[in-house]
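Visitor: Need a 3D model of the sequence below.
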Amino acid sequence: MRVVLSTYDSRGGVEPLVALAVRLGELGAEVQVCAPPDCADRLAEVGVPLVPIGPPVRELVHGSAKPDVHQIAADLIATQFDQLAAAAEGADALVATGLRPAAAAARSVAEKLGIHSVYVSYCPIFLPSPHYRPQPLPGQPVPPEVTDPEGLNELDIRNNNAYLGEMLNAHRAAAGLPPVDNVRDHTIGNQPWLAADPILAPWLQPADLDVVQTGAWFLPDERPLPADLEAFLAAGEPPVYVSFGSMFAPKDIARVAIEAIRAQDRRVLLGAGWAGLAPIDDRDDCFVVGEVNQQELFTRVAAVVHHGGAGTTNTATRAGVPQVVVGQIGDQPYFAGRVAALGIGAAHDGPTPTAESLSAALAVALTPETRVRANAVAGTIRTDGAMVAAKLLLEAAQTRPVYNAANLQD
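Guide: Residues are numbered from 1 along each chain as shown. As a prediction, this is how the structure comes out:
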């Protein structure tokens, strides 16, 4: 059986597909990933073929030019109808996730090819629910005065149509497909998957949408830590780790974090990330690492300060390490709230900390009570999500149900 996994996202959004690809391969499937070229090295490590689609994400996020989000959406849709369609020809199933333009086009490609497809979210707030306000789209805000669930749902549908409807339907027409009048529901289908842990990010009832929650997708990382990092860890008490991954980091965050951590009498471990965090002086209580086995590292540190991406939050939670989440955009404030609600860390109030505010949040995370709670919750986090999803996908693909825009059937 041949499966194509499609996304346009940063490293944190690609990594779950790496896990799914490996598990599918273990079950005998032939797997190919269509994703940004940034992830080529990671996929090569696990032996999964990549069809690079779209420009490098890093250039869009950290490039000098301000990205034109509408042009990016148009380009992503066009690329999916062209390159993804060619890659998925003859496949038995397609998994679509990532930015909404790419996922919407991927679902249409699956419809055109007559193959089973499923949409996947890594966080419940990106699925229609009466429990969460819909996420704003480029040029399509969600006014605060709209508060009732029915009104918010209707607004979300209109916003998705306004954002993507015209460009998506133009490509559908060229492909011989009928237009869709509800882009959001066309993209999601009527049984999407939620690849998130049910403790950390539960799907709340009641809800009209039939969601399959598989648990988060991850691979055990067996890489040893670098020798110089091991030496730093062995030279003193466990440090506090800080990184914002592939995200924009708050202004002057390295200085702010270092001062806040030193105020708690802790050593500092900076994860450089795409923002290039670096020391502010030559004191020996601060060390910088690049790409590293976070699964192992997080068991060796006193706390993790991060942006709240789904992958980092899951890794820290599984490791049983206290967290301080400084959410920036998207699902990150949600995960900050969940960390605080579970008692496994602190949610920083706002995306731009000062040394004083970050130190106060760290004081909460570094208490013995938080450490005990983090250890307890770690034991409840599922570790089989990728295999659960792989088995579900192959079972569903055997019957080859075809996505149809008229009835939204997966």
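Visitor: residue boundaries of the strands in the chain?
Guide: Using DSSP state E, the strands of the chain run over residues 2-6, 30-35, 50-52, 93-96, 116-121, 193-194, 212-213, 240-243, 268-271, 286-289, 303-306, 323-325, 345-347.
Visitor: Would you reformat those strands as TSV and include mean neighbour count?
Guide: Yep, even glycine has a C-beta here, placed from its N, CA and C like the rest. Formatted as TSV, the strands of the chain follow (neighbours: other Cβ atoms under 10 Å):
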stretch	mean neighbour count
strand 2-6	25
strand 30-35	23
strand 50-52	17
strand 93-96	27
strand 116-121	24
strand 193-194	24
strand 212-213	18
strand 240-243	26
strand 268-271	24
strand 286-289	19
strand 303-306	30
strand 323-325	30
strand 345-347	27
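Visitor: Need those in a markdown table (columns: distance to Asn314 and mean pLDDT).
Guide: Output for these, formatted as a markdown table (distance: least, Cβ to Cβ, whole Å; pLDDT from 0 to 100):
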| stretch | distance to Asn314 | mean pLDDT |
| --- | --- | --- |
| strand 2-6 | 19 | 98 |
| strand 30-35 | 19 | 97 |
| strand 50-52 | 23 | 95 |
| strand 93-96 | 19 | 98 |
| strand 116-121 | 14 | 98 |
| strand 193-194 | 13 | 98 |
| strand 212-213 | 14 | 98 |
| strand 240-243 | 15 | 97 |
| strand 268-271 | 16 | 98 |
| strand 286-289 | 20 | 98 |
| strand 303-306 | 11 | 98 |
| strand 323-325 | 11 | 98 |
| strand 345-347 | 13 | 98 |
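Visitor: Pipe those strands into CSV and attach distance to Asp228 per row.
Guide: As requested, the strands of the chain are exported to CSV (distance: least, Cβ to Cβ, whole Å):
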stretch, distance to Asp228
strand 2-6, 35
strand 30-35, 31
strand 50-52, 31
strand 93-96, 38
strand 116-121, 38
strand 193-194, 39
strand 212-213, 40
strand 240-243, 15
strand 268-271, 12
strand 286-289, 8
strand 303-306, 20
strand 323-325, 25
strand 345-347, 28
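Visitor: Where does pLDDT dip in the stretch 101-250 of the chain?
Guide: Judged against pLDDT under 70, the stretch 101-250 of the chain has no low-scoring part.
Visitor: Now do the helices in it.
Guide: Applying DSSP state H, counting those that start in this stretch to the stretch 101-250 of the chain gives helices spanning 149-160, 166-174, 183-188, 227-234.
Visitor: would you turn these into JSON lines with mean neighbour count and distance to Val377?
Guide: Shown next, in JSON lines, are the helices of the stretch 101-250 of the chain (neighbours: other Cβ atoms under 10 Å; distance: least, Cβ to Cβ, whole Å):
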{"stretch": "helix 149-160", "mean neighbour count": "16", "distance to Val377": "30"}
{"stretch": "helix 166-174", "mean neighbour count": "18", "distance to Val377": "41"}
{"stretch": "helix 183-188", "mean neighbour count": "24", "distance to Val377": "29"}
{"stretch": "helix 227-234", "mean neighbour count": "13", "distance to Val377": "24"}
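Visitor: Include distance to Ala378 when you put the ones you listed into TSV, please.
Guide: Below are the helices of the stretch 101-250 of the chain laid out as TSV (distance: least, Cβ to Cβ, whole Å):
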stretch	distance to Ala378
helix 149-160	34
helix 166-174	42
helix 183-188	31
helix 227-234	20
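Visitor: of all those helices, which lies closest to Glu59?
Guide: For Glu59, the closest of the helices of the stretch 101-250 of the chain is helix 166-174, at 21.9 Å, according to Cβ to Cβ.
Visitor: what's that closest one in contact with?
Guide: 73-74, 77-78, 81, 101, 104-105, 108, 178-180, 183 (Cβ atoms under 8 Å, 6 or more residues apart in numbering).
Visitor: 7 Å instead, please
Guide: Contacts to helix 166-174, defined as Cβ atoms under 7 Å, 6 or more residues apart in numbering, come from residues 73-74, 77-78, 81, 104-105, 108, 179-180, 183.
Visitor: orientation of that helix relative to helix 149-160 in degrees?
Guide: 60 degrees (axes from the mean of the first three to the mean of the last three Cα atoms, to 10 degrees).
Visitor: heads up, I number from 863, so please use that
Guide: Renumbered: residue one is now 863, and that last one reads helix 1028-1036.
Visitor: can you give me the offset of helix 1028-1036 from its chain's centre?
Guide: 27 Å (Cα atoms, centre = their mean, to the nearest Å).
Visitor: before we move on, back to that, of the helices of the stretch 963-1112 of the chain, which approaches Asp903 most closely?
Guide: Checking the helices of the stretch 963-1112 of the chain against Asp903 by Cβ to Cβ gives helix 1089-1096 as the closest, at 19.9 Å.
Visitor: how close does the residue most central in space within the chain get to Arg962?
Guide: Centroid-nearest residue in the chain, with Cα atoms, centre = their mean: Gly875, separated by 4.0 Å. Computed with Cβ to Cβ, to the nearest Å, the distance linking Gly875 and Arg962 is 12 Å.
Visitor: can you check Ala1140 too?
Guide: 34 Å.
Visitor: do the same with Leu1014
Guide: Separation of Leu1014 from Arg962 (Cβ to Cβ): 17 Å.
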